[in-house]
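Asks: give me coordinates for this.
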Amino acid sequence: MDKFLKTILFSFILSSLLVSSYAQSCNTFRFSNSNSYSTCSSLPSLNSFLHWNYHPANHTVDIAYRHGGVSTSQWVAWALNIGARGMVGSQALVAFRNSSGLVHAYTSPVTSYGTTLAEGPLSFNVPRIAAEYNNNEMIIYATLQLPSGTTNFNQVWQEGPVTGDTPGVHPMNSANRNSVGTVDFITGQTGAGSGSVGGSRLRKRNIHGVLNVVSWGILLPLGAIAARYLKVFKSADPAWFYIHVVCQCSAYIVGVAGWATGLKLGSDSTGIQYNTHRNIGITLFCLGTLQVFALLLRPKKDHKYRIYWNVYHYAVGYAVISLSIANIFEGFDILDPAKGWKRAYIGVLIFLGFNAVMLEAFTWYIVIKRKKSGSDKYPHVGNGTNGNGYNGTRSPQAV
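Replies: Next comes the predicted model:
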């Protein structure tokens, strides 16, 4: 009983310390210029806080935006977006330490995802802006003349690298994508965003990912497994061939849709490039298209060029599968979803790999058994006028 009471007491003390720490970080924080603010909000990502005083008489607000964990080679920004959510269209306050070691604070209207945060006037007046940098924390002070008619706005905050006094594109990890929300300067209420800067853009990214995982990452390997292993079983002829064709054609159609969404995302995200992911995707589309057209040019089974077609078909097929899996993991690193999604796909790969190993061992067992018994012929598979089977003691091959 005493141990239980001690545990409860320890938990209470720990909770009190956490609450006290939060209060010190927000409501009771003391500014070096002795400014005080009636309202404070701890923003949900990037170790940021927003303090403000709203003046209803002239519809202005004095703000202090604090951003911790900032190095001397990083910029920080806080912005209001008057007409939309997310980054594009936001009206930003920016600050960083320049090459002279001085803190430079200015305004910048954001017009694209690839912005370098060039200095310029905002859609509303900013009578005052300044900044200070101490103990790896940047604080931006400003007075904003709010647009008439409302005090509830979408807000965005961000950090990124500085190179040669020029801000670069910010990272795209989950913390950066989650740096969006709302703020009401009268009520003091703040809200988190829907999980990413630009909800519709996130949906497109998710659709792109799902289409490509299902097509290139699941259907394509399934079709190859069907072609390599099912042909050994006489009862699976010619079903294995049609399963293979359906899986590969479905994978190609769905994969092209995923590739097209990727092109659209690239065109909508000027300045943001994932070269490795993009180049592998283009290569996959080209090789996949070649495989589809190669099916139309497949020689008959007994044609002298059939062996060369087989070598080409197997080599390109396995190359596409390998590149597909690699590019899916590139996509996971870019999208940075919940770890469960990546683990789920790894589980699918383990399942497919395990079954492929088991089937590989079993088909070789059948081949050796048939050879020893003198019945070493594979079923003569017709599959239409072109034919697609094998005789003799050849090992099973993917088609």
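
Asks: find the residue at the geometric middle of this structure.
Replies: The chain has Leu335 as the residue nearest its centroid, 0.8 Å off, counting by CA atoms, centre = their mean.

Asks: contacting residues for it?
Replies: 205-206, 209 (CB atoms under 8 Å, 6 or more residues apart in numbering). C-beta coordinates here come from the backbone N, C-alpha and C atoms, glycine included.

Asks: between these, which is nearest Tyr54?
Replies: Minimum distance to Tyr54 across those is 36.1 Å, recorded for Arg205 (CB to CB).

Asks: kindly state the pLDDT recorded for the closest one?
Replies: Listed pLDDT for Arg205 reads 80.

Asks: grab the nearest non-local neighbour of it.
Replies: Setting aside the residues directly before and after it, Arg205 is nearest to Leu335 in space (CB to CB, 6 or more residues apart in numbering), at 5.7 Å.

Asks: report pLDDT for the one you found.
Replies: Leu335 is assigned a pLDDT of 76 by the prediction.

Asks: how about Ser112?
Replies: 78.

Asks: and it, helix, strand or coil?
Replies: coil (DSSP: H, G, I helix; E, B strand; the rest coil).

Asks: and for it, the neighbour number?
Replies: 14 (other CB atoms under 10 Å).

Asks: need phi/psi at it.
Replies: The phi and psi values for Ser112, taken as degrees, to the nearest 10, are phi -160, psi 170.

Asks: what's the distance between it and Leu211?
Replies: 26 Å (CB to CB, to the nearest Å).

Asks: now the helices for the protein?
Replies: 2-25, 174-177, 199-214, 220-229, 239-268, 275-296, 306-335, 339-373 (DSSP state H).

Asks: among the ones you listed, which comes closest to Ala92?
Replies: helix 174-177 (14.5 Å).

Asks: list the buried ones in that closest one?
Replies: By 16 or more other CB atoms under 10 Å, the buried positions in helix 174-177 come out as 176-177.

Asks: distance from that helix to the middle of the chain?
Replies: Distance, stretch centre to chain centre, for helix 174-177: 10 Å (CA atoms, centre = their mean, to the nearest Å).

Asks: for it, packing partners?
Replies: Judged by 3 or more CB pairs under 8 Å, 6 or more residues apart in numbering; DSSP states H and E, helix 174-177 is in contact with no other helix or strand.

Asks: quick check: mean pLDDT of it?
Replies: Helix 174-177 shows a mean pLDDT of 77.

Asks: number of nearby residues for Ser48?
Replies: Neighbourhood size, Ser48 [other CB under 10 Å]: 22.

Asks: ok, now Val162?
Replies: Based on other CB under 10 Å, the number of other residues close to Val162 is 19.

Asks: what about the stretch 1-150 of the chain, any weak spots by pLDDT?
Replies: Residue ranges of the stretch 1-150 of the chain with pLDDT under 70: 1-25, 27.

Asks: could you rerun that using 80?
Replies: Applying pLDDT under 80 to the stretch 1-150 of the chain flags residues 1-28, 33-34, 83-87, 112-115, 149.

Asks: strands of that one, residue ranges please.
Replies: 39-42, 48-55, 60-68, 74-81, 91-97, 103-109, 128-134, 137-145 (DSSP state E, counting those that start in this stretch).

Asks: follow-up on the earlier one: of all the helices of the chain, which one comes closest to Thr143?
Replies: Here helix 2-25 is closest among the helices of the chain (CB to CB), at 23.6 Å.

Asks: that older thread, export the strands of the stretch 1-150 of the chain as TSV, with columns for distance to Val245.
Replies: Listed next are these as TSV, based on distance: least, CB to CB, whole Å:
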stretch	distance to Val245
strand 39-42	57
strand 48-55	54
strand 60-68	56
strand 74-81	50
strand 91-97	53
strand 103-109	54
strand 128-134	63
strand 137-145	59
